[in-house]
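Asks: predicted model, plus sequence, below.
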Amino acid sequence: GTHHWIPRSQRLFGGQIIGQALVAAAKSVSDNLYAHSLHCYFVRAGDPKVPVLYQVDRIRDGRSFTVRSVRAIQHGQPILICQASFQMLQPSPLQHQFTMPVVPPPEDLLTVEELIRLYLSKPDLAEKYKLGLNKLLANEVPIEIKPVNPPVFYKLTASEPKNLFWVRARGYIGEGNMKLHCCVAAYVSDFAFLGTALLPYPGYRAQFAASLDHAMWFHSTFRSDEWMLYECESPWAGGSRGLVQGRLWRRDGVLAASCSQEGVLRVKPVTRPSKL
Ligand SMILES: CCC(=O)SCCNC(=O)CCNC(=O)[C@H](O)C(C)(C)COP(=O)(O)OP(=O)(O)OC[C@H]1O[C@@H](n2cnc3c(N)ncnc32)[C@H](O)[C@@H]1OP(=O)(O)O
């Protein structure tokens, strides 16, 4: 696996490793099997300077379900362990799902880049903030995001640990390759996810934040290059860790996937300059 976007932390983006691990697992199963779940642990930081080797173990091939175990390896050591399970398409009379939250459509909202440019156009914006925002703009990620409640940059306001944003992969993937859409959704699902746990604490800055594990369940067909609503919430934080849960909705209201993640969050108080 080669690298796309490298976060400022200079460790590999977790979503990229999960997505590529799922590509590797999916290549080892027949075409009539579709990923329905994956469970991963990030055991070491990924090194952006070298590629990742994905080693797949064929754990079991059953009549309906097939399980693969993938180790992502760098410098001879695992950085991620991932179990992925695949299933043949099977109909069922049991069918229910939660209802998608009612939010404005993506066409009525601005992308993160548009919001930053709008902010940068404010004449009274301090130079240090301009620098930070320009760095964010230069750091182009392969996915587009439209927050439902745009963040007020540099304003310390606590909010409940819930976040909603429209998200899609940049570029065209096209219909038909459901395996690839699942791998791209795995990439997308780790983006801006753990940050949900920090929303109630604007007085603290994350000194070290990294995902420890990530689980995902795929429910229906979807296209990761079309807008999906990512509904994220954090039911718990404590012990220098935060738990986040998410639902990826197709824009027609069908629940496409569910995700869970725990991350390590080591924070320190934000220091504000004295007014004296
Ligand atoms: C968007 C989110 C993402 O994509 S994050 C990317 C995907 N996730 C990852 O890369 C995580 C990979 N896993 C890991 O790096 C390790 O398993 C982690 C989570 C760090 C495990 O932590 P730990 O067992 O503490 O590792 P370590 O001993 O190698 O230490 C790493 C750095 O953390 C520090 N640390 C450790 N304990 C404490 C502590 N109690 N208080 C403060 N700091 C602590 C260590 O000193 C070390 O720091 P440094 O790297 O030497 O600067």
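Replies: Sure, I can see it. Numbers count the residues shown, from 1 in each chain.

Asks: CA only for contacts and neighbour counts going forward, please
Replies: Fine.

Asks: which parts of this protein are helices?
Replies: 14-27, 112-120, 127-138, 178-189 (DSSP state H).

Asks: next one: the shortest one to chain centre, how far?
Replies: Distance of helix 112-120 from its chain centroid, counting by Cα atoms, centre = their mean, to the nearest Å, is 21 Å.

Asks: got a list of contacts for that helix?
Replies: Helix 112-120 has contacts (Cα atoms under 8 Å, 6 or more residues apart in numbering) with Leu125, Lys130, Leu133, Leu137, Glu144, Ile145, Lys146, Pro147, Pro150.

Asks: by how many degrees do it and helix 127-138 diverge?
Replies: 160 degrees (axes from the mean of the first three to the mean of the last three Cα atoms, to 10 degrees).

Asks: please save the CA atoms from helix 112-120 in PDB.
Replies: C-alpha atoms of helix 112-120 as PDB (Å, rounded to 0.1, in the frame of the first residue of the first chain):
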ATOM      1  CA  VAL A 112     -14.700  22.900   4.800                       C
ATOM      2  CA  GLU A 113     -12.400  24.700   2.200                       C
ATOM      3  CA  GLU A 114     -15.100  27.200   1.300                       C
ATOM      4  CA  LEU A 115     -15.700  27.900   5.000                       C
ATOM      5  CA  ILE A 116     -12.000  28.500   5.600                       C
ATOM      6  CA  ARG A 117     -11.800  30.800   2.600                       C
ATOM      7  CA  LEU A 118     -14.800  32.700   4.000                       C
ATOM      8  CA  TYR A 119     -13.100  33.000   7.300                       C
ATOM      9  CA  LEU A 120      -9.800  34.100   5.800                       C
END
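
Asks: change the start of the numbering to 34 and stick with it
Replies: In the new numbering, first residue 34, that becomes helix 145-153.

Asks: and the helices of the chain: which comes nearest the ligand?
Replies: helix 47-60 (3.6 Å; Cα to the nearest ligand atom).

Asks: residue contacts, Val85?
Replies: Here Val85 is in contact with Gly34, Thr35, Ala105, Ile106, Gln107 (Cα under 8 Å, 6+ apart).

Asks: okay, now the closest residue to the second one other than its chain neighbours: neighbour count?
Replies: The reference is to Thr35. Closest residue to Thr35 apart from its sequence neighbours, by Cα to Cα, 6 or more residues apart in numbering: Pro84 at 5.1 Å. Residue neighbour count, defined by other Cα atoms under 10 Å, stands at 14 for Pro84.
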